[in-house]
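Participant: Structure of the sequence below:
(chains A and B)
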Protein chains: 2
Amino acid sequence: MDSVFRTHQARECTKEKIGERVTLNGWVQKRRDLGGLIFLDLRDRSGVVQIVFQPEVSPEAARLADQLRSEYVVSITGTIAARDPENVNPKMETGDIEIIGEEVHIFNPAKTPPFPIRDNSDVEEAVRLKYRYIDLRRPKMQETMLIRHRAMQSVRRFLDERGFIELETPMLTRSTPEGARDYLVPSRVHEGSFYALPQSPQLFKQLFMVAGMERYFQFARCFRDEDLRADRQPEFTQIDIETSFIPPETFLAMMEEMVATLFKETIGVDVPVPFPRMSYREAIERFGSDKPDLRFGMELVDLSDELRDSSFKVFSGTIQNGGQVKAVNVKGCAGWSRKEVDQWGKTAESLGAKGLAWLSFKEEGVKGSVAKFLTPEEIDAIAGKTKAETGDLLFFVADRPQTVANVLGELRLRLGKALNLIPENEYKFVWITEFPLLEYSEEDGRYYAMHHPFTMPLEEDIPLLDTDPGKVRAQAYDMVLNGYEIGGGSQRIYRREVQEKMFKALGITNEEAKEKFGFLLEAFEYGAPPHGGIAFGFDRIVMLLAGRSNLRECIAFPKTASATCLLTEAPSPVDEKQLEELHIKIRQPQK
Amino acid sequence: MDSVFRTHQARECTKEKIGERVTLNGWVQKRRDLGGLIFLDLRDRSGVVQIVFQPEVSPEAARLADQLRSEYVVSITGTIAARDPENVNPKMETGDIEIIGEEVHIFNPAKTPPFPIRDNSDVEEAVRLKYRYIDLRRPKMQETMLIRHRAMQSVRRFLDERGFIELETPMLTRSTPEGARDYLVPSRVHEGSFYALPQSPQLFKQLFMVAGMERYFQFARCFRDEDLRADRQPEFTQIDIETSFIPPETFLAMMEEMVATLFKETIGVDVPVPFPRMSYREAIERFGSDKPDLRFGMELVDLSDELRDSSFKVFSGTIQNGGQVKAVNVKGCAGWSRKEVDQWGKTAESLGAKGLAWLSFKEEGVKGSVAKFLTPEEIDAIAGKTKAETGDLLFFVADRPQTVANVLGELRLRLGKALNLIPENEYKFVWITEFPLLEYSEEDGRYYAMHHPFTMPLEEDIPLLDTDPGKVRAQAYDMVLNGYEIGGGSQRIYRREVQEKMFKALGITNEEAKEKFGFLLEAFEYGAPPHGGIAFGFDRIVMLLAGRSNLRECIAFPKTASATCLLTEAPSPVDEKQLEELHIKIRQPQK
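Facilitator: Here you go, the predicted structure:
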């Protein structure tokens, strides 16, 4: 039986090996019958190779080859031969050779697959997900899974070499207060109690630091019971990292190097380090986003100074009431039709703007929705600040600063895409720093921690915790790539007096703190080192490495909104006896 | 602030660096005040180093050092100096130097820990688990976690180099019929339906083979809702491996090499390959176990031929009714007291034997419970077969073969331990092969798959599936080390006609098969390659590598039977609203 197993992979059949007898195993990609000769494309994980069966070489092999159909699993033995020059296929890696087929063994026949195994066929995603085991045979999917694999190995090697220890944390844990909804697991032993699947190993990684592990990492599966979107999966993998006794700057530099090594080793891209830094405030001001895409310009320009005293009250009134007027310069688009401009206006409104004002710098003069309300001096000042030249189009939003940022930030991205301003295969990293430590909720009339309540404030802002908590900046940092937040971390509070100030600012009493975070606070009393860390969204990194835009393409067996697509991921009903053991009942629908 | 961060780790302070000024960060292991000099042992992950504070060097540093207590987290700056020859401590890695302390910075004070941070202190496990973050500071725990880390990297590197791809499989899956009880996760979206946490990625890894991945591995977290024991955890990590198109022999050799590399790279032990093979049948016959500990002899000796016609009916009657008489030779223990022998008899009974017969070969003649029932010829024959010499003691069990194997197998292990026959630091690997494919359940009057219903029978036994299913041997293999099953795998059925025979032998109708395994069977119709794989119990491998006997010592945050030991692992109650979203209710206790 052994003799039917492969001696070579498809890609290994090169012209250096002409004359060698080889056995290949794989799937039939294509079979053609050309005047009695049977041509077979055999596919394995390494690639595709062409095999020719000639009745005069082996009538039996030719007879069997004639029976083969797409996706049959076969073993082929034959001799590598040069192709005739006119038959060389430069598009194929093995296109200068073919194999003269001598023996055929059919491991397994196959039904006709529901869609062809090739990229760029327009098969509905639902069908591809239903037959995921067939879809994963496509070259692009195989490549993505390989990139995912290589990325894991690269990061692990990097961290291992620097003394990081990979440590596993439990999946069945006590629920801790975090942002999203937990998946719950009823306990059979503890009646009426539930484990939670972890939203992140945050608590455990901080405990590892108290435990003296000093440098920890893990590829951690995390869970959030949230509704599905194309860019979100309820179970996801994060590269979870925590360190003690490292100056924050040294740590950030190490993380940059790790990511640069990852890009080099998986897709051969050189990423320059150090990454630029940008404060949260600057990112919002210039790009309307805390995850700016730096691959193109079209920055937001603040015109509040220029328009504060304008007689056009829509602008000046907004500014005087604490709002802003900002614009983006859509270079070279002064010629857009009224209809096109209106379309963008509707987009702006759908994003929350009350309207989208515009000025168009035409040869024949400045036109646009607000042209007649502004003085020539004001228009000059605007043109100066926005660097608007003849041929340019300006879009304005006047509103509360947050709305201006949201609308113009998103408009900038969509304009960039529509105008093809965003170069592919370019990787622009940036650290966003100095996040606000706290966010004020108008609704609840209190502050919430923007990251989590263990995030360290900037040393010089600690006194503000008592006086003006909203102004306190955090020692937190997000790594942003091409408009995606790929990682986020912080230095953690490890000193009791800072933690107490923090809880006070959050309006959490000592009793509440003990109730919610008691286990960690207790641990901290037994000698907590200065520590900090970061978590990277690994699925998203794979998506960017593989040049994909859909997160589902980067996970072998993703979840889908319908969950009926793939039997393996649809939950199933369980029987009464099992439920009884778990002390739970299915709830009757409320009348 | 940066200046307080470490320049060196403790272990890096060697006599080659005498005169260098260094900054160390870590925990205070011990502080002693000797006539105005303060001696500090500072511990970090790398080890311990001694620091001396002399008031004349820095009064401020000496003052601060005097305030330090056990487990304070500190930064110490000082200069490496040679110790006086009489103060050299050869037990300490850094025992030939000390650091003259010049600056002290206290990162954090610490309460007195509930137990000292050293190995071999007799602290109750419950306390150590409650304060796991302190227990993990102990050198032995740190070493175990490091071994675990290194083991993961070694296996990954090995498999990566051989073209294996690390692929992740979902944790929230549909329940599939496997041995143990599933952990269930109620779905919020699908009313009354539940996900199951995977008992193993078996289904997915076979789908990966259908998907053309060819060589897959994963460190997979698996779950079984079983009751806790010292050697079992409800969530555990397995090294999950599956391959296509590899001859089984080649695959087993590769796995041997992987494990040998692992032992070499983590604990420096040379493991000879290839591993010996032993059929299931031989293992049961010689050792009474399918996971024999080959580090010592005391094999089971079958005396059925010798005693079939004995006039001692307890023996001959058992043999004639299909039972066995077997013995183990407890070398040199003829001198045991009657009380000692009786104690072993009670042990045998507690293991299921009706009694334990014995013969003791004394200088003065053969004594023992059955001496007077056997003829001199029979005793000679027994002595010949068991190689009993003067001074030896024989224990006999006469019973059904399964009981004989269970009782004598376990007795052998306990005798080996009691008599110190089992060498430590020796690693005896063996492959157990040719497992029965099916097990007959007297109770249910039917066969069950011993591994799972996709296990391939031995090619030559396939016809027996129709005629004598109990005789069919499986293409299954367990890797056994020192009496522990550390891995188990098989070749899988990939051909439809064999699968149908298998289902028939199991008494599963086509409809049932479709209902239970439909998804996999459907996948197999689209081109399944010949494939097989293995899963290693990673936690257990770590236990053996680290020389531990308790699985909980090898997992950073294990589960415990009480689950109240560690807040982080105890499940918590959830509120009505959450339950409502999950469509479930806590069941009222039955009256």
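Participant: how deep is the residue of the stretch 251-400 of chain A found nearest chain B tucked in, by neighbour count?
Facilitator: As assessed by C-beta to the nearest C-beta, chain B sits closest to residue A:251 within the stretch 251-400 of chain A, at 10.2 Å. The C-beta positions use only the backbone N, C-alpha and C, and glycine is treated the same way. Per other C-beta atoms under 10 Å in any protein chain shown, the neighbour tally for residue A:251 reads 19.
Participant: what's near enough to touch it?
Facilitator: Residues near residue A:251 by C-beta atoms under 8 Å, 6 or more residues apart in numbering or on different chains: A:243, A:532, A:534.
Participant: For the worst-scoring helix or strand of chain A on mean pLDDT, name the packing helices and strands.
Facilitator: Within chain A, confidence by mean pLDDT, DSSP states H and E is lowest for strand A:572-573 among all helices and strands, at a mean of 72. Here strand A:572-573 touches strand B:193-196, going by 3 or more C-beta pairs under 8 Å, 6 or more residues apart in numbering or on different chains; DSSP states H and E.
Participant: Could you point out the helix or strand that follows the strand it packs on?
Facilitator: helix B:202-210 (DSSP states H and E).
Participant: Dump that next one to CSV, keeping only the CA atoms.
Facilitator: The C-alpha coordinates for helix B:202-210 follow below in CSV (Å, rounded to 0.1, in the frame of the first residue of the first chain):
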residue,chain,number,x,y,z
GLN,B,202,-11.9,15.6,15.8
LEU,B,203,-14.6,16.6,13.3
PHE,B,204,-12.8,19.7,12.3
LYS,B,205,-9.5,18.2,11.8
GLN,B,206,-10.9,15.6,9.5
LEU,B,207,-12.7,18.4,7.6
PHE,B,208,-9.3,20.1,7.3
MET,B,209,-8.1,17.0,5.5
VAL,B,210,-11.0,17.0,3.2
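Participant: Mind checking the pLDDT average for the next helix or strand after it?
Facilitator: Where DSSP H and E defines the elements, the next helix or strand beyond helix B:202-210 is strand B:215-223. Average pLDDT, strand B:215-223: 97.
Participant: circling back: given the least confident helix or strand of chain A, what are its sheet partners and their directions?
Facilitator: strand B:193-196 (antiparallel) (DSSP bridges).
Participant: Doesn't residue A:236 lie inside a strand?
Facilitator: Yes - judged by DSSP: H, G, I helix; E, B strand; the rest coil, residue A:236 forms part of a strand.
Participant: ok so, going back, chain B: which of the contacts of residue A:251 is nearest?
Facilitator: Using C-beta to the nearest C-beta, those come closest to chain B at residue A:243, 10.8 Å.
Participant: The closest one: how many residues sit nearby?
Facilitator: Residue A:243: 28 neighbours (other C-beta under 10 Å).
Participant: tally of neighbours for the closest residue in space to residue A:224 that isn't next to it in sequence?
Facilitator: Closest residue to residue A:224 in three dimensions, ignoring its sequence neighbours and counting by C-beta to C-beta, 6 or more residues apart in numbering or on different chains: residue A:180, at 4.0 Å. Per other C-beta under 10 Å, the neighbour tally for residue A:180 reads 12.
Participant: Contacts only, for residue A:180.
Facilitator: A:199, A:224, A:225, A:226.
Participant: Was I right to think the first one contacts residue A:222?
Facilitator: What it means is residue A:199. Yes - with contact defined as C-beta atoms under 8 Å, residue A:199 reaches residue A:222; the gap is 5.8 Å.
Participant: higher neighbour count, these two?
Facilitator: Between residue A:199 and residue A:222, counting by other C-beta under 10 Å, residue A:222 is the more crowded of the two (23 against 20).
Participant: partners of the more buried one in the sheet?
Facilitator: residue A:236.
Participant: which residues touch it?
Facilitator: A:198, A:199, A:200, A:201, A:235, A:236, A:237, A:238.
Participant: same deal with residue A:158?
Facilitator: Contacts of residue A:158 (C-beta under 8 Å, 6+ apart): A:257, A:258, A:261, A:262.
Participant: Could you pick out the buried ones from those residues?
Facilitator: A:258, A:261, A:262 (16 or more other C-beta atoms under 10 Å in any protein chain shown).
Participant: If we ignore the residues flanking it in sequence, what's nearest the first one?
Facilitator: Spatial nearest neighbour of residue A:258, chain neighbours left out: residue A:158 (4.9 Å); criterion: C-beta to C-beta, 6+ apart.
Participant: wait, is the one you found part of a helix?
Facilitator: Yes - assessed by three-state DSSP, residue A:158 belongs to a helix.
Participant: which stretch of helix or strand covers residue A:118?
Facilitator: Using DSSP H and E, residue A:118 falls outside every helix and strand.
Participant: again, but for the one 10 residues further on
Facilitator: Assigned by DSSP H and E, residue A:128 belongs to helix A:125-130.
Participant: And the next helix or strand past that helix?
Facilitator: Following helix A:125-130 in sequence order, the next helix or strand is helix A:132-135 (DSSP H and E).
Participant: wait, does that following helix make contact with chain B?
Facilitator: Yes - applying C-beta under 8 Å from any C-beta of the partner chain, one finds helix A:132-135 touching chain B at A:132, A:133, A:134, A:135.
Participant: ok, the second one - contacts?
Facilitator: Put plainly, it is residue A:133. B:207, B:208, B:210, B:211, B:523, B:526.
Participant: Burial check on the fourth one, number of neighbours?
Facilitator: Around residue B:211 sit 29 other residues, with neighbours defined as other C-beta under 10 Å.
Participant: Name all residues that make contact with it.
Facilitator: Contacts of residue B:211 (C-beta under 8 Å, 6+ apart): A:132, A:133, A:134, A:135, A:136, A:137.
Participant: Next one, pLDDT for it please.
Facilitator: Model confidence at residue B:211 (pLDDT) stands at 96.
Participant: hey, where'd the strands end up in the stretch 151-300 of chain A?
Facilitator: Along the stretch 151-300 of chain A, counting by DSSP state E, counting those that start in this stretch, strands occupy A:165-166, A:184-186, A:193-196, A:215-223, A:235-244, A:277-279.
Participant: can you list those strands in TSV and add distance to residue B:510?
Facilitator: Listed next are the strands of the stretch 151-300 of chain A as TSV, based on distance: least, C-beta to C-beta, whole Å:
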stretch	distance to residue B:510
strand A:165-166	46
strand A:184-186	35
strand A:193-196	38
strand A:215-223	36
strand A:235-244	34
strand A:277-279	63
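Participant: Pretty sure residue A:508 sits against residue A:448.
Facilitator: No - with contacts counted by C-beta under 8 Å, residue A:508 stays clear of residue A:448, the gap being 10.5 Å.
Participant: More neighbours: these two, which one.
Facilitator: Between residue A:508 and residue A:448, residue A:508 has the larger neighbour count (other C-beta under 10 Å), namely 19 against 14.
Participant: check contacts around that one.
Facilitator: A:453, A:516.
Participant: again with residue A:281
Facilitator: Applying C-beta under 8 Å, 6+ apart, the residues contacting residue A:281 are residue A:434.
Participant: who in the stretch 1-150 of chain A is up against chain B?
Facilitator: Counting by C-beta under 8 Å from any C-beta, the stretch 1-150 of chain A sits next to chain B at A:1-2, A:5-6, A:25-27, A:43-45, A:71-73, A:107-111, A:113, A:131-137, A:142, A:145-146, A:148-149.
Participant: Mind checking which of these land in strands?
Facilitator: A:25, A:26, A:27, A:43, A:44, A:73, A:107, A:108 (DSSP state E).
Participant: By neighbours, which of these wins?
Facilitator: residue A:26 (29 neighbours).
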